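[1] sequence and predicted structure are below.
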Amino acid sequence: MIKVAVCGANGKMGKEVCQAVENDSAMTLSAKIDIVGDSYRTIEEAQRYCEIDVLVDFTQPKSIYENAKYCLRNGISMVIGTTGLKDEEIAFLKKIATDMHVGCFIAPNFSTGAVLMMKFAKMAAKYFDNAEIIEMHHNQKKDAPSGTAIKTAQMMAEAKGSFKAGNCEEFETIAGARGGKSYSDIQIHSVRMPGFMASQEVLFGSLGQTLSIRHDSSDRKCYMPGVLMAIKYIKANPKFVYGLDNIMDDV
């Protein structure tokens, strides 16, 4: 039985994770951690009173890095769904996890459909020289661009060094109109608006044709199969993993 703690347990995602864990016969919910509600206030407090094999974190970008360092240094495997970690922070967490032989699973998106969208985008990147990403989220999301957009651009960048072939020399009459330039010159445009939950569209273009690959999430329950998959995988494989795409073919 995998003993799971949830950090951010009283948030929208945290509540869904708690319910999913309680409904899975291979797991038990050993601790709820949150600054509000009937929960442990800190990971340290929860660890004093509960056994924790894996901690799932869906909190805030400002707290996830410190949470992760504490867990990994204290022998608690992690499944991280909070986005906003910088590349150098991810690299440092990988080092700690490797040195301590503790599992650390970071996924920008736990929706299996979103992961397939990223995989399809990586496949298409080999055949198109121009591409941009538009990601759309609710207006309470604090980080931009989304972790999913960043991960998608990273995967596409493995195909070629630039996706702006043939573009003319550009200038912006309004700063930021062309979005942010990411890996391999892929422009990422972030939309924050009520009515959206999480959507992403990857646009490819070449002479005489365009290709659009889009994924939409309409309910947070779509993330739960991926979260449970990650918990089981990291308990059995105590190592560092970045992205659900790395294990979907193995489970």
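    It's in.
[2] ok, and the closest non-adjacent residue to the residue nearest in space to the middle of the chain?
    Nearest to the mean C-alpha position of the chain, counting by C-alpha atoms, centre = their mean, stands Pro108 at 1.2 Å. Once flanking residues are discounted, Pro108 sits nearest to Gly147: 3.2 Å by C-beta to C-beta, 6 or more residues apart in numbering. To be clear about C-beta, it is placed using only N, CA and C from the backbone, and glycine gets the same treatment.
[3] count the neighbours of that neighbour for me.
    Applying other C-beta atoms under 10 Å, we find 21 residues neighbouring Gly147.
[4] quick one: it and Phe110 touch, right?
    No - here Gly147 does not reach Phe110: they are 10.7 Å apart, not a contact under C-beta atoms under 8 Å.
[5] okay, now Ser218: neighbour count?
    Neighbours of Ser218 using other C-beta under 10 Å come to 10.
[6] so who does it touch?
    Applying C-beta atoms under 8 Å, 6 or more residues apart in numbering to Ser218 gives the contacts Met197.
[7] check Asn10 too.
    Taking C-beta under 8 Å, 6+ apart, one finds Lys32, Asp34, Val36, Gly37, Ser39 in contact with Asn10.
[8] mind telling me what element it is part of?
    Here Asn10 sits in a region with no helix or strand, counting by DSSP states H and E.
[9] got a pLDDT number for it?
    Reported pLDDT at Asn10 in the predicted model: 94.
[10] one more: Val251?
    Looking at Val251, its pLDDT reads 55.
[11] same thing with Val36?
    pLDDT, Val36: 87.
[12] for Phe204, give me its contacts.
    Ala124, Ala125, Tyr127, Phe128, Asn130, Ala131, Thr210, Leu211, Ser212, Ile213.
[13] and if you look at Ala157?
    Ala125, Tyr183, Ser184, Ile186.
[14] can you rerun that using 6 Å?
    The contact partners of Ala157, taken as C-beta atoms under 6 Å, 6 or more residues apart in numbering, are Tyr183, Ser184.
[15] now it: phi and psi?
    Note on Ala157: backbone dihedrals following degrees, to the nearest 10 are phi -70, psi -20.
[16] what pLDDT does it get?
    98.
[17] distance of it relative to Ala131?
    Separation of Ala157 from Ala131 (C-beta to C-beta, to the nearest Å) stands at 10 Å.
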